[in-house]
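Enquirer: Got a sequence here, can you build the structure:
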Amino acid sequence: MFKVVAHIVWAVSVIGLGTLIGASYGWAHHGWIGAIALGTVGFSVGAFLAIDPLIVLEFLHGSL
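Expert: Here you go, the predicted structure:
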């Protein structure tokens, strides 16, 4: 049960963060259209990263 709850929290957090970062960057540099477009891209990237937390850990380990 804990694993399911942890995965749900992880997925919501990563998808929300990806969307927020994309929309913020789009808004700051391209206005409304950029916020919508990059927010959608951020959502897609967040959804991909939410599938498996190990993907993010591998990326962070490789960049350090």
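Enquirer: Which residue is the nearest non-sequential neighbour of Trp10?
Expert: Pro53 (5.6 Å; CB to CB, 6 or more residues apart in numbering). Placement of C-beta: from N, CA and C, glycine included.
Enquirer: so the one you found sits right up against Val9, yeah?
Expert: No - contact between Pro53 and Val9 fails when scored by CB atoms under 8 Å: they sit 10.7 Å apart.
Enquirer: neighbour-wise, which of these two wins?
Expert: Pro53 (14 against 10; other CB atoms under 10 Å).
Enquirer: That one and Ala35, how far apart?
Expert: Distance of Pro53 to Ala35, computed by CB to CB, to the nearest Å: 27 Å.
Enquirer: Show the secondary-structure elements that the helix ranked longest in the chain is packed against.
Expert: In the chain, with assignment by DSSP state H, the single longest helix is helix 2-51. On a contact count with 3 or more CB pairs under 8 Å, 6 or more residues apart in numbering; DSSP states H and E, helix 2-51 meets helix 53-63.
Enquirer: Identify the residues contacting the helix it packs on?
Expert: Applying CB atoms under 8 Å, 6 or more residues apart in numbering, the contact partners of helix 53-63 are His7, Trp10, Val14, Phe48, Leu49.
Enquirer: In those residues, which residue is surrounded by the most others?
Expert: Val14 (20 neighbours).
Enquirer: was I right about that one contacting Ala50?
Expert: Yes - the pair Val14 / Ala50 is scored as a contact, 4.6 Å apart, by CB under 8 Å.
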